[in-house]
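S.K.: Sequence and predicted model, in that order:
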Amino acid sequence: MESLSNSLKKKATEQHYRAEVMIAGEQLRLRLHDGKLIKDRRYHLRTYPNCFVAKELTDWLIDHKEAPDRETGIRLMQKLMDHYIIHHVCDEHSDYKDAKLLYRFRKDDGTFPLSKDVKVFMRGQSLYEKLVSMEGSILKVREENSVKYQRAFLGCEMIDWLVQEGEAENRKEAVELGQALLEHGIIQHVSNRHHFFDSDILYHFWINFRRRRRLTELLNENSSCTLSEISDSPFCLRKLNPDPGNTSFLSVQTNKEIKVVSAVRRSSITSLAGNSNPYFSTSPMLVSPPVAECNPKSVLKRPVTNEELLSPGAPYIKKTLTIVGDAVGWGFVVRGGRPCHIQAVDPGGPAAAAGMKVCQFVFSVNGMYVLHLDYQTISSLIMTGPRTLVMEVMEAVE
């Protein structure tokens with residue numbers, strides 16, 4: 001069977017990087033809209049819709065730990081400019097300047113170029129979302145030569161599915177689509193040795209479209225190793241400054257007394273209050289982990305009962321949040337009981353992007369009514385459930 005040429009591998013790697021830039025750029029755009037950094041702005045008696053100030057964005061990148069310093073922030077935004085993700089509102093500057101200049105995402109003004117490559121990328125993303133959302137998906141964890149691969153499938157299974165779902169009229173057309181996806185770095189033979197064929201060869205989605213990107217990944221253009229293969233983390237809180245010897249998770253909330261939540265395993269999230277050492281390290285001799293006791297001082301101003309939440313005319317509104325976990329979790333902490341409330345939300349995490357706020361009460365998790373449950377049970381439901389989390393919360397009307 002025909003092997004992949006080096007030139008084709010190089011092209012696929014380049015297209016894969018381009019796709020990663022587009023995904024990172026789109027995730028940043030949505031976060032900036034949510035944070036109100038993107039808005040209509042006036043300059044010299046003219047209104048420029050949906051734009052941001054470069055200097056403000058550089059500040060935001062540093063504050064949200066997307067860039068360690070201004071120089072890196074400028075390099076990251078220049079990457080987005082080079083890939084036609086953002087541009088100066090009047091196209092007077094071809095480079096990104098850390099100044100009070102207005103820039104805009106091309107997707108917000110309709111100037112994003114819909115080239116053939118971009119259309120293949122969009123088709124691949126559509127197929128990926130359809131596959132991961134359906135029951136009995138052909139995407140599974142599969143093993144070959146004692147190596148396990150995420151989001152893997154057999155070539156012939158993909159052909160069957162494309163034809164059955166009407167994504168291709170016949171097997172020949174389906175093979176051509178699969179080959180286009182491979183050449184654009186969206187799917188890949190697990191050993192990167194073969195092109196796409198209608199056979200029982202094992203492939204996988206090289207791109208994990210749902211993983212949240214860190215912008216600094218864009219600086220690793222020449223690295224063949226990406227973070228796409230990082231497995232989903234079971235933890236609710238996002239890990240900051242990863243260190244193999246440090247499993248501390250920062251809890252972002254208004255209580256200044258407790259800064260850190262330490263996580264060891266899926267079922268053992270612990271913390272330390274009132275100690276000069278901000279990290280809690282569990283002894284390897286422990287048979288069972290300590291009981292979770294993070295953020296014991298509630299963010300609630302007063303206790304609230306289920307009866308109060310559900311009474312007619314109560315000053316609460318119900319909201320439905322869909323939170324897609326990234327490589328390090330969902331980015332929030334649940335505490336309390338009957339009802340449970342949101343104790344902490346990472347401002348840079350998926351939960352915050354979905355609209356989660358502290359002091360909201362958890363009404364349901366993935367369709368299950370949970371007002372009568374304690375936080376340990378709700379946390380278990382979340383961490384053992386699907387990566388896409390659907391929560392109903394009750395929020396006080398201001």
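M.R.: In hand now; what should we look at?

S.K.: Pull out the buried residues from stretch 386-395.
M.R.: Under the neighbour-count criterion of 16 or more other CB atoms under 10 Å, stretch 386-395 has 387, 389, 391-395 buried. The C-beta positions use only the backbone N, C-alpha and C, and glycine is treated the same way.

S.K.: Spatially nearest residue to Asp198, not counting backbone neighbours?
M.R.: Ile159 (4.9 Å; CB to CB, 6 or more residues apart in numbering).

S.K.: Just to be sure, that neighbour is in a strand?
M.R.: No: under DSSP: H, G, I helix; E, B strand; the rest coil, Ile159 sits outside any strand and is assigned helix.

S.K.: For Ile342, give me its contacts.
M.R.: For Ile342, the contact set (CB atoms under 8 Å, 6 or more residues apart in numbering) comprises 332-334, 356-362, 393.

S.K.: What's the ChimeraX line that selects buried ones from these?
M.R.: Applied in ChimeraX, the following selects the buried portion of those according to 16+ other CB under 10 Å:
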select :332,333,334,356,358,359,360,361,362,393
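
S.K.: which ones among the contacts of Ile342 are found in strands?
M.R.: Cross-referencing the contacts of Ile342 against strands under DSSP state E gives 332-334, 361-362, 393.

S.K.: The residue nearest to Asp198 contacts Asp200, doesn't it?
M.R.: No: with contact defined as CB atoms under 8 Å, Ile159 does not count as touching Asp200 (10.9 Å).

S.K.: Can you pull the poorly scored residue ranges out of the stretch 51-200 of the chain?
M.R.: Along the stretch 51-200 of the chain, no part satisfies pLDDT under 70.

S.K.: what do you get for the stretch 251-398 of the chain?
M.R.: 251-296, 327-328.

S.K.: element containing the residue nearest to Lys39 when sequence neighbours are not counted?
M.R.: The spatial neighbour of Lys39 that comes closest, neighbours along the chain excluded (CB to CB, 6+ apart), is Asn50 at 7.2 Å. Using DSSP states H and E, Asn50 sits in strand 46-53.

S.K.: which residues sit against that strand?
M.R.: Outside strand 46-53, the residues touching it (CB under 8 Å, 6+ apart) are 32, 37-42, 89, 100-105, 108-109.

S.K.: Please enumerate the helices of the stretch 101-250 of the chain.
M.R.: 116-133, 155-164, 171-183 (DSSP state H, counting those that start in this stretch).

S.K.: now what about the last one, what contacts it?
M.R.: In this structure, residues lying in contact with helix 171-183 by CB under 8 Å, 6+ apart are 8, 11-12, 15, 120, 123-124, 127, 155, 158-159, 162-163, 167-168, 187-189, 195-198, 203.

S.K.: just the helices in the stretch 251-398 of the chain please.
M.R.: 306-310, 350-354, 375-383.

S.K.: With Glu56 as the reference, name the closest of the ones you listed.
M.R.: Nearest to Glu56, of all the helices of the stretch 251-398 of the chain, is helix 350-354, at 18.6 Å by CB to CB.

S.K.: Give the other helices and strands that that closest one contacts.
M.R.: helix 6-34, strand 316-324 (3 or more CB pairs under 8 Å, 6 or more residues apart in numbering; DSSP states H and E).

S.K.: need the next SSE after the longest one, C-terminal direction.
M.R.: Next in sequence after helix 6-34, counting helices and strands by DSSP H and E, comes strand 39-43.

S.K.: Pull up the pairing partners for that next one, direction included.
M.R.: strand 46-53 (antiparallel) (DSSP bridges).

S.K.: hey, C-alpha coordinates of the strand it pairs with in PDB?
M.R.: Only the C-alpha atoms of strand 46-53 are listed here, as PDB (Å, rounded to 0.1, in the frame of the first residue of the first chain):
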ATOM      1  CA  ARG A  46     -16.000  57.700  13.400                       C
ATOM      2  CA  THR A  47     -17.400  54.500  15.000                       C
ATOM      3  CA  TYR A  48     -15.500  51.300  14.400                       C
ATOM      4  CA  PRO A  49     -17.600  48.300  15.300                       C
ATOM      5  CA  ASN A  50     -16.400  45.100  17.000                       C
ATOM      6  CA  CYS A  51     -12.800  46.100  17.600                       C
ATOM      7  CA  PHE A  52     -10.300  46.100  20.400                       C
ATOM      8  CA  VAL A  53      -7.400  48.300  21.500                       C
END
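
S.K.: So which bits of that strand are buried?
M.R.: 48, 50-53.

S.K.: Stretch 112-131 too?
M.R.: Buried, per 16+ other CB under 10 Å, within stretch 112-131: 112, 117-118, 120-121, 123-125, 127-128, 131.

S.K.: any idea how far it is from the chain center?
M.R.: 18 Å (CA atoms, centre = their mean, to the nearest Å).

S.K.: give the contact list for the spatially closest residue to Tyr43 that is not a sequence neighbour.
M.R.: For Tyr43, ignoring the flanking residues on the chain, the nearest one in space by CB to CB, 6+ apart is Leu102 at 6.4 Å. Going by CB under 8 Å, 6+ apart, Leu102 touches 41, 43, 48, 51-54, 88-89.

S.K.: where does Leu102 sit relative to Arg75, distance-wise?
M.R.: 20 Å (CB to CB, to the nearest Å).

S.K.: likewise Val324?
M.R.: From Val324 to Arg75 the distance is 28 Å (CB to CB).

S.K.: Where do the strands of the stretch 51-200 of the chain begin and end?
M.R.: 86-88, 102-105, 140-144, 147-154, 187-189 (DSSP state E, counting those that start in this stretch).

S.K.: Need the contact partners of the longest one.
M.R.: This points to strand 147-154. Contacts of strand 147-154 (CB under 8 Å, 6+ apart): 132, 138-143, 190, 199-205, 208, 229, 231.
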